[in-house]
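1. next one to model:
(chains A and B)
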Amino acid sequence: MNTNLTDKNLTGKRSLLRHTVATLAYRGGKAVTNAPEGFEEFRVNESTRTPGQILAHIGDLLDWGLSIASGQQKWHDSKPLAWNDEVARFYAALAAFDAFLASDEPLHAPEEKLFQGPVADALTHVGQLAMLRRIAGGPMKGENYFRAEIEAGRVGADQSGKRVEFD
Amino acid sequence: MEDKRKLLNHFLAALAYRTQKALREAPDDFGSFRILEGVRTPAELVRHMASVLGYARTFFVGGHYWPEPLASFEEEIERFHEMLGLLAQHLRNGDALREGMTEERLLQGPFSDAMTHAGQLALLRRFAGAPVPPENFIVAKIQEERLGPDQPKPVCPDKIWPEAPKGWKG
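-> Numbers count the residues shown, from 1 in each chain, chains lettered A, B, ... in the order given. Predicted structure coming up:
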């Protein structure tokens, strides 16, 4: 798989989908960084998922997205790992998905479907992690995300520190 | 319509679909449900979603957008969907973006903000004791021109729902 292509070689939609994956890395990274002690087990009531379960589900969604894009659709419900391991899995899943999107391999599903399924789902769950942070007493700072330094391909833990944040 | 704008338009349609899914058949008093002081109610969330989308629209039309609270939750929802329609029209028209705004920045900022809040609405449904049944969203009938409150039912609802409330029939 040739993964050395730049965004200039991609279609507009595929390039924007990569940007969405980078947005997920930036926003998701913020939601999981400096979480309160024991956050992964925090539960509002018996029927709600813990943050650890939500993050594991996000990892499953990204794996699923890659499997659809590559034409081998497969779903797997994983058991949550220890928090730091699950965070590492989150970034690894983003990197694998992004590498495929950046490659010259054909997509086996339209960008719209990949977006409306796994990617949008993952974004909604990032919002849930943020709300749970607030309820658990460890809220994230607000941010003007449109000014954030988000770039396609930047999908690891090393996100830009230049942020327009507010309380 | 240019490719990136087509995907942004689809983003708005997915937002309309997911928001309605989180609101459909909600308890009557869901709009004012507050899980904790300092956490937005559903009505406040929907107003905020309209606000961030209205902010996005200012990059097409200029000026400022600051929505005042409306009298009812239903009106808040109606305003949110109106804003989706207005924004989509600018995308379809190919209207120019102002002040150095790009499609990427619209996506990473206000559009994604609104999507994360749709997820929070679904979470609040669960906290309020009326969770939203899961479905396979990749086959959902999400259509670019369908941005109003009248959204289709799921094409492929999950048959198994481990966290289902008592009495749920899949």
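
2. quick one, strands of chain A?
-> With strands called from DSSP state E, chain A shows them at A:142-143, A:165-166.

3. which of these sits most buried?
-> Neighbour counts (mean count of other C-beta atoms under 10 Å in any protein chain shown) averaged over each of the strands of chain A peak at strand A:142-143, with a mean of 14. All C-beta atoms are positioned from the backbone trio N, CA, C, and that covers glycine.

4. any part of that strand near chain B?
-> No: if you take C-beta under 8 Å from any C-beta of the partner chain as the test, strand A:142-143 misses chain B, and the best it gets is 9.4 Å.

5. I'd like to know which elements that strand is packed against.
-> In terms of contacts (3 or more C-beta pairs under 8 Å, 6 or more residues apart in numbering or on different chains; DSSP states H and E), strand A:142-143 is packed against strand A:165-166.

6. and if we set it to 10 Å?
-> helix A:12-32, strand A:165-166 (3 or more C-beta pairs under 10 Å, 6 or more residues apart in numbering or on different chains; DSSP states H and E).

7. of the ones you listed, which approaches B:Leu84 most closely?
-> B:Leu84 sits nearest to helix A:12-32 of all the helices and strands packed on strand A:142-143, at 18.0 Å, using C-beta to C-beta.

8. before we move on, back to that, which of the helices and strands packed on strand A:142-143 comes out lowest on mean pLDDT?
-> When these are compared by mean pLDDT, strand A:165-166 comes last with a mean of 92.

9. measure A:Thr20 to chain B for me?
-> Separation of A:Thr20 from chain B (C-beta to the nearest C-beta, to the nearest Å): 6 Å.

10. show the contacting residues for that residue.
-> The contact partners of A:Thr20, taken as C-beta atoms under 10 Å, 6 or more residues apart in numbering or on different chains, are A:101, A:111, A:114-115, A:119-120, A:122-123, A:150, A:152, B:7, B:11, B:104, B:107-108, B:111-112, B:115.

11. thinking again about what came up before, looking at the helices and strands packed on strand A:142-143, which is nearest to A:Ile54?
-> Closest among the helices and strands packed on strand A:142-143, using C-beta to C-beta: helix A:12-32, at 9.5 Å.

12. how distant is the closest one from the center of its chain?
-> 7 Å (C-alpha atoms, centre = their mean, to the nearest Å).

13. what's the answer for stretch A:158-167, then?
-> Distance, centroid of stretch A:158-167 to centroid of chain: 17 Å (C-alpha atoms, centre = their mean).

14. tell me which of the helices and strands packed on strand A:142-143 sits most buried.
-> It is helix A:12-32: most buried of those by mean count of other C-beta under 10 Å, with a mean of 23.

15. shaky segments in chain A?
-> Low-confidence segments of chain A, defined by pLDDT under 70: A:1-9.

16. quick check, central residue of it?
-> Nearest residue to the geometric centre of chain A (C-alpha atoms, centre = their mean): A:Leu24, 3.9 Å.

17. nearest spatial neighbour of it, skipping sequence neighbours?
-> A:Ala122 (5.6 Å; C-beta to C-beta, 6 or more residues apart in numbering or on different chains).

18. contacting residues around residue 114?
-> I'll assume chain A. Per C-beta under 10 Å, 6+ apart, neighbours of A:Leu114: A:13-14, A:17, A:20-21, A:64-66, A:68-69, A:97, A:101, A:107-108, A:120, B:138.

19. not quite, go with chain B.
-> A:123, A:127, B:11-12, B:15, B:18-19, B:45-46, B:48-53, B:56, B:80, B:83-84.

20. mind checking the SS state of it?
-> Here B:Ala114 is recorded as helix under DSSP: H, G, I helix; E, B strand; the rest coil.

21. can you check the pLDDT for B:Phe59?
-> For B:Phe59, pLDDT reads 98.

22. ok, it - contacts?
-> By C-beta under 10 Å, 6+ apart, the neighbours of B:Phe59 are A:146, B:87, B:90, B:95-102, B:105-106, B:109-110.
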